[in-house]
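Engineer: heads up, no residue letters with this:
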Ligand SMILES: Cc1cc2nc3c(=O)[nH]c(=O)nc-3n(C[C@H](O)[C@H](O)[C@H](O)COP(=O)(O)OP(=O)(O)OC[C@H]3O[C@@H](n4cnc5c(N)ncnc54)[C@H](O)[C@@H]3O)c2cc1C
């Protein structure tokens, strides 16, 4: 494994960093305070390739390698947790299953559209009001064949991007008998009759990333909207989530990096007992630990991405990187608030927003507990 980025990756990092510094970071406070989605980032990020990171060039995508994808997600997370989550959900969840499993017709119709930045995004609805971690046993949204259509009924919960998406890839039960081969993925356009997207959830953080409950009331879509193979929905979902975890880990590293930078700035400015607080060893040790944890998370994450690029198994490494990076980000953001003292608890400073945004990352795309289950399975099998 090479610990340095290649020239192409370095140029991509610079381009994304400049874009985020100009179009994303300056608006992070505003999107948090107004619950507004940063559409400008979509319009301008599309041409840069940020909406087509997994999409082949034949469908307008940039099709970047997994390390470049992680680099971009870290930069976006550094700029704004909300905007980054929308991009992560779009690339990692909304488009990847289509790229990997979709028919030529579906890819031609939808991928080119959502990669451009002129239209809305993609979304993936797995979680339901009664089931998140246990999709195999818990998914009740069902799809039945009637003539040449699927008829879908049920409800999904916590769907990122639903209100700003062209379509929602929906995990449904197609075999009422249950079991690991009873689920399938179906693409549902958001203008389908009978699809209802509830108002955005009121969340602790990530206010600029809309999350919705979605109900399906006799929604009819053509049989051709099946994504992949009937009965392989769970398998397809788990493979998609492996990649998504690298993305959420990278986003978390970006949030932590931004919190560290804010803490360093503040430590230089703030005076106590006649010194800048950066001169106190207690503060220096905090900053040293934060920087070390970020570096470790980044190295783990790039290793998982590198394995993915090499076509090697990366399920364990992606789970480890997601687990460590997301828990690390929460800790680093906490320490950044501590270094800011009382001001860290104020909305006047950005670290409290970063802390609220980071809190989701140990939950979404598989909780920390589920990552530990995945890792433990590998550890026990290796012995
Ligand atoms: C802001 C936000 C955005 C989201 N975006 C999306 C999205 O775009 N698409 C989507 O489908 N979902 C999305 N989700 C849902 C998210 O993926 C789920 O919340 C997550 O997978 C956990 O599921 P759950 O909430 O049902 O918790 P549960 O599965 O009910 O878990 C509750 C608790 O029990 C623990 N637990 C469960 N099973 C086990 C076990 N076997 N061993 C040990 N502990 C266990 C969990 O770790 C957790 O601590 C989003 C959620 C949020 C909050």
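Structural biologist: Looks like it arrived, so ask away. The structure displayed is predicted, hence computed values, not measured ones. Residues are numbered from 1 along each chain as shown.
Engineer: mind telling me what element residue 178 is part of?
Structural biologist: Using DSSP states H and E, residue 178 sits within no helix or strand.
Engineer: burial measure for it, as a count.
Structural biologist: For residue 178, the neighbour count with other CB atoms under 10 Å is 12. (Each C-beta comes from the backbone N, C-alpha and C, glycine too.)
Engineer: excluding its backbone neighbours, what's nearest it?
Structural biologist: Leaving aside its sequence neighbours, residue 178 sits nearest to residue 137 (CB to CB, 6 or more residues apart in numbering; 7.6 Å).
Engineer: list the buried residues in the host helix or strand of the one you found.
Structural biologist: Assigning secondary structure by DSSP H and E places residue 137 in helix 135-138. Neighbour-count burial for helix 135-138, counted by 16 or more other CB atoms under 10 Å, picks out 135, 136.
Engineer: ok, now stretch 325-345?
Structural biologist: Neighbour-count burial for stretch 325-345 [16+ other CB under 10 Å]: 325-337, 339-340, 344.
Engineer: just the residues you listed that are near the ligand?
Structural biologist: Among the buried residues of stretch 325-345, no residue is within reach of the ligand (CB under 6 Å from any ligand atom).
Engineer: among those residues, which are in helices?
Structural biologist: 325-337, 339 (DSSP state H).
Engineer: could I get those residues as CSV with distance to residue 32 and pLDDT?
Structural biologist: Below are these laid out as CSV (distance: CB to CB, whole Å; pLDDT from 0 to 100):
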residue, distance to residue 32, pLDDT
325, 22, 98
326, 19, 98
327, 22, 98
328, 22, 98
329, 17, 98
330, 17, 98
331, 21, 98
332, 19, 98
333, 14, 98
334, 18, 98
335, 21, 98
336, 16, 98
337, 16, 98
339, 21, 98
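Engineer: quick check, nearest of the residues you listed to residue 56?
Structural biologist: residue 325 (27.6 Å; CB to CB).
Engineer: ok, that closest one to the ligand distance?
Structural biologist: In this view, residue 325 and the ligand are 16 Å apart by CB to the nearest ligand atom, to the nearest Å.
Engineer: correct me, but that residue touches residue 246?
Structural biologist: No: the criterion here is CB atoms under 8 Å, and residue 325 misses it with residue 246 at 9.2 Å.
Engineer: joint contacts of those two?
Structural biologist: residue 301 (CB atoms under 8 Å, 6 or more residues apart in numbering).
Engineer: what sits against residue 162?
Structural biologist: So residue 162 contacts 123, 125, 168, 190, 197, 210, 211, 212, 214 (CB under 8 Å, 6+ apart).
Engineer: leaving out sequence neighbours, find the closest residue to it.
Structural biologist: Distances taken as CB to CB, 6+ apart put residue 212 closest to residue 162, at 4.0 Å, once the chain neighbours are dropped.
Engineer: in this protein, what residue is nearest the ligand?
Structural biologist: Distances between the chain and the ligand by CB to the nearest ligand atom are smallest at residue 132, namely 1.9 Å.
Engineer: who touches that residue in this structure?
Structural biologist: Going by CB under 8 Å, 6+ apart, the list of residues near residue 132 reads 126, 138, 157, 158, 367.
Engineer: tell me, which of those residues make contact with the ligand?
Structural biologist: Within those, those near the ligand by CB under 6 Å from any ligand atom are 126, 158, 367.
Engineer: who wins for most neighbours among the residues you listed?
Structural biologist: residue 126 (25 neighbours).
Engineer: ok, now which ones touch the closest residue to that residue other than its chain neighbours?
Structural biologist: Spatial nearest neighbour of residue 126, excluding adjacent residues (CB to CB, 6+ apart): residue 171 at 4.7 Å. Residue 171 is in contact with 124, 125, 126, 135, 139, 141, 183, 184, 185, 233, 234, 237, counting by CB under 8 Å, 6+ apart.
Engineer: before we move on, back to that, quick check: phi and psi at the residue of the chain closest to the ligand.
Structural biologist: phi -130, psi -70 (degrees, to the nearest 10).
Engineer: now do it, the pLDDT please.
Structural biologist: In this prediction, residue 132 carries a pLDDT score of 95.
Engineer: what about it, distance to residue 370?
Structural biologist: Using CB to CB, to the nearest Å, residue 132 is found at 9 Å from residue 370.
Engineer: name the SS class of residue 20, please.
Structural biologist: With DSSP: H, G, I helix; E, B strand; the rest coil as the basis, residue 20 sits in helix.
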